[in-house]
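A.B. asks: Here is my input; please provide its structure:
(one chain, ligands or ions: 1)
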Amino acid sequence: MTKLLIVGGRVVDPLNHLDAQADVLIEDGKVVRVAPGQDAQGAQVLDAKGKIVMPGVIDMHAHMRTVLGHPHAQRMVALAGVTTVVDMAGPLENILESIPTSGSGISIAIVDAARAGMTLSSSRPDLAEQRSFIEKTLASGGIGIKLLGGHFPMDLDISASFIEEASRQNAWVAWHVGNTVHGSDIEGMRDAIEAANGHFLHVAHINSYCRGKIRPVLDEALEAIDLLKTHPQIFSESYLSPLNGTRLTVENGVPATEVTKTCLRRLGFEATQAGLESCILAGKVGVLADNGLIGELLYGKEALAYWKSKESVTVGSFAVNPAVSRFMLAQAKRDDGSFVVDAFSTDGGSYPRNVIVENGLMLVQFGALTLAEFVTKASLAGARALGLPNKGHLSVGAEGDVTVLDYERKKAAATVANGKVIMNEGELLGKGTTIVCDERGATALAKRGISHVVKQPINLDSFKQRFVCKN
Ligand SMILES: [Zn+2]
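C.D. replies: Alright, predicted model coming up:
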């Protein structure tokens, strides 16, 4: 039997209305007792005195794939206090294959991207092809699919058909909104919610559609909040980092992607190779470099030298998310007191913007959220939506997923997953990965020897009964 005792922390567990000094005892991966003054005999001890102990952070939107060959995402999220992530694009096989070399002890639920030329034969696949793509994803260990409207838009009728088919198969379906008429903005968000036609849909990173592209930022945020309030079958998350993520590759003298061109113009640079070079040198865009363990953003001269050494084939981040919409989406509530945007996310993982803890605790220190509300959005809400009844809280029998917070430094001091300390004060100690799968994928994962946990099916009625945090 393996025993872990997390000693002396302030335990915050909104589901159990608990906010008190207590020790948390985990045996063989499960919480067995939460009470002060427990006997540490025979247990590994994790000192949490002066710290906050919460159910493990769940990032409902991150990317675990290898980026330009660097498999650093799992380590980065473990360092950020995250125990479970939803990988929002796959590729499913890329992630499953990377487990032996890059596992950090976390759990990952994977939605695979519906993308012409990769998983689909065209951007107008017929219903049979849509059906078999979803079936195959579930059978291989994914929980569902993602529509990539912002990057690879499809016609609205095809996107709607995917959502209906996902509902028929009880598969998770997420959408980075955008279609062939409206882009990745508030109009695209309205289209997506209408196309869902009452079915479950995960609308990705709401903050992305409230950047002031169509109307003033404040108006867009209010509109997004109204759309979500009036369509309670929509699951949503938003992220707290100012940073986006985009390719910085230049082809024939111009940036290869529209996102980069738009960011350059908005910052007052030309959308050309010369404009991008000036922008990098001015420190207005970070260039992602791998330091051997994790990915870091370089700025200024150092960034430009690195970008040139890679002949521009790099990715990076511009600070494009306005504070106003990030703040409003983090805080907005429904009439019943539950949150409008269900959960916090990062769109991070491989990008260094895994700041649920850092920026979330800033909101707590600012007084925008209580600590229990932060824990609700950072852990419990995601667990409930995903159908993981043993995550998101610290009841007896819950999975031993815990994040220890250093409130003053606004950092994760330790990460505990499945009862094992996978990160302590910046030191990575975890191995392997647990895949959160649909029951239809359990056999395939078992055959491959991949550790897994089966999620419950989506139940719209219970999903709509959102948790109301009373602390
Ligand atoms: Zn994403």
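A.B. asks: Can you pull out the low-pLDDT segments for this structure?
C.D. replies: The chain contains no residues with pLDDT under 70.
A.B. asks: Of all residues in it, which one is closest to the ion?
C.D. replies: In the chain, the residue that lies nearest the ion is Asp347 (4.3 Å; Cβ to the ion). For every residue, glycine as well, the C-beta is placed using N, CA and C.
A.B. asks: Enumerate every residue touching the residue nearest to the spatial centre of the chain.
C.D. replies: Taking Cα atoms, centre = their mean as the criterion, His61 is the residue nearest the geometric centre of the chain, at 2.1 Å. Counting by Cβ atoms under 8 Å, 6 or more residues apart in numbering, His61 makes contact with 86, 88, 204-205, 237, 239, 345-347.
A.B. asks: How about the contacts made by the spatially closest residue to Gln365 that is not a sequence neighbour?
C.D. replies: Closest residue to Gln365 apart from its sequence neighbours, by Cβ to Cβ, 6 or more residues apart in numbering: Lys410 at 7.6 Å. Residues in contact with Lys410 (Cβ under 8 Å, 6+ apart) are 357-358, 361-362, 365.
A.B. asks: Keep only those of the residues you listed that are in helices.
C.D. replies: 357-358, 361-362, 365 (DSSP state H).
A.B. asks: Just the buried residues of these.
C.D. replies: 357-358, 361 (16 or more other Cβ atoms under 10 Å).
A.B. asks: Okay, strands next: where are they in the stretch 51-200 of the chain?
C.D. replies: 52-55, 57-63, 82-89, 104-114, 144-147, 172-175 (DSSP state E, counting those that start in this stretch).
A.B. asks: Show the end-to-end separation of stretch 310-320, please.
C.D. replies: Distance between the two ends of stretch 310-320: 25 Å, counting by Cα to Cα, to the nearest Å.
A.B. asks: does the ion sit close to that stretch?
C.D. replies: No: applying Cβ under 5 Å from the ion, one finds stretch 310-320 separated from the ion by no less than 12.4 Å.
A.B. asks: Report the two of the contacts of His61 separated the most.
C.D. replies: Val86 and Tyr239 (12.7 Å; Cβ to Cβ).
A.B. asks: so what sits against both of those two?
C.D. replies: 61, 345.
A.B. asks: ok, Gly348 - contacts?
C.D. replies: 59, 62-63, 76-77, 80, 239, 241, 354-355.
A.B. asks: so what's Leu243 closest to, chain neighbours aside?
C.D. replies: Nearest to Leu243 is Ser317, by Cβ to Cβ, 6+ apart, at 4.0 Å.
A.B. asks: Tell me if that neighbour really is in a helix.
C.D. replies: No: read with DSSP: H, G, I helix; E, B strand; the rest coil, Ser317 is strand and lies in no helix.
A.B. asks: Burial check on it, number of neighbours?
C.D. replies: 22 (other Cβ atoms under 10 Å).
A.B. asks: Name the SS class of the spatially closest residue to Lys377 that is not a sequence neighbour, please.
C.D. replies: Counting by Cβ to Cβ, 6+ apart, Lys377 lies nearest to Phe344, which is 4.9 Å off, once chain neighbours are set aside. Reduced to three states with three-state DSSP, the structure at Phe344 is strand.
A.B. asks: Hmm, Gly360 and Phe344 touching each other?
C.D. replies: Yes: with contact defined as Cβ atoms under 8 Å, Phe344 reaches Gly360; the gap is 6.0 Å.
A.B. asks: who's more crowded, those two?
C.D. replies: Phe344 (30 against 24).
A.B. asks: The ion contacts on the chain?
C.D. replies: Going by Cβ under 5 Å from the ion, the residues of the chain near the ion are 88, 347.
A.B. asks: What strand or helix carries Leu5?
C.D. replies: According to DSSP states H and E, Leu5 maps onto strand 3-13.
A.B. asks: what does Ala22 give?
C.D. replies: Per DSSP H and E: strand 18-27 holds Ala22.
A.B. asks: How about Leu297?
C.D. replies: strand 295-298.
A.B. asks: Now the helix or strand just after that strand: buried residues?
C.D. replies: As assigned by DSSP H and E, the chain's next helix or strand after strand 295-298 is helix 300-309. Using 16+ other Cβ under 10 Å as the test for burial, helix 300-309 gives 303-304, 306-307.
A.B. asks: go on, stretch 193-200?
C.D. replies: Under 16+ other Cβ under 10 Å, the buried positions of stretch 193-200 are 193, 195-196, 199-200.
A.B. asks: same check, this time on stretch 414-430
C.D. replies: Those would be 414-424, 428, 430, for stretch 414-430 by 16+ other Cβ under 10 Å.
A.B. asks: Among the residues you listed, which lie within strands?
C.D. replies: Judged by DSSP state E, the buried residues of stretch 414-430 include 414-417, 420-424, 428 as members of strands.
A.B. asks: Any chance of the residues you listed in CSV with distance to Leu380 as columns?
C.D. replies: Listed next are those as CSV, based on distance: Cβ to Cβ, whole Å:
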residue, distance to Leu380
Ala414, 20
Thr415, 17
Val416, 17
Ala417, 17
Lys420, 22
Val421, 22
Ile422, 20
Met423, 21
Asn424, 24
Leu428, 26
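A.B. asks: what's the closest of those to Lys333?
C.D. replies: Using Cβ to Cβ, these come closest to Lys333 at Thr415, 28.9 Å.
A.B. asks: Quick check: bridge partners of the residue lying closest to that closest one once chain neighbours are set aside?
C.D. replies: Excluding its sequence neighbours, the residue lying closest to Thr415 (Cβ to Cβ, 6+ apart) is Met423, at 4.0 Å. As for beta bridges, Met423 partners with Thr415, Leu428 under DSSP bridges.
A.B. asks: how about Met423, what does it touch?
C.D. replies: Applying Cβ under 8 Å, 6+ apart, the residues near Met423 are 78-79, 81, 104, 412, 414-415, 429-430.
A.B. asks: As TSV, these with distance to Ser122 would be great.
C.D. replies: Shown next, in TSV, are these (distance: Cβ to Cβ, whole Å):
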residue	distance to Ser122
Ala78	38
Leu79	40
Gly81	41
Ser104	37
Ala412	43
Ala414	48
Thr415	42
Leu429	46
Gly430	41
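A.B. asks: Show me how this protein divides into domains.
C.D. replies: In terms of domains, the chain is parsed into 56-241+321-388, 246-318 (source: automatic domain parsing).
A.B. asks: deepest of these, which one?
C.D. replies: domain 56-241+321-388 (a mean of 22; mean count of other Cβ atoms under 10 Å).
A.B. asks: can you give me the end-to-end distance of that one?
C.D. replies: 13 Å.
A.B. asks: what separates it from the chain centre, distance-wise?
C.D. replies: Centre-to-centre, domain 56-241+321-388 and its host chain are 7 Å apart (Cα atoms, centre = their mean, to the nearest Å).
A.B. asks: All set, thanks.
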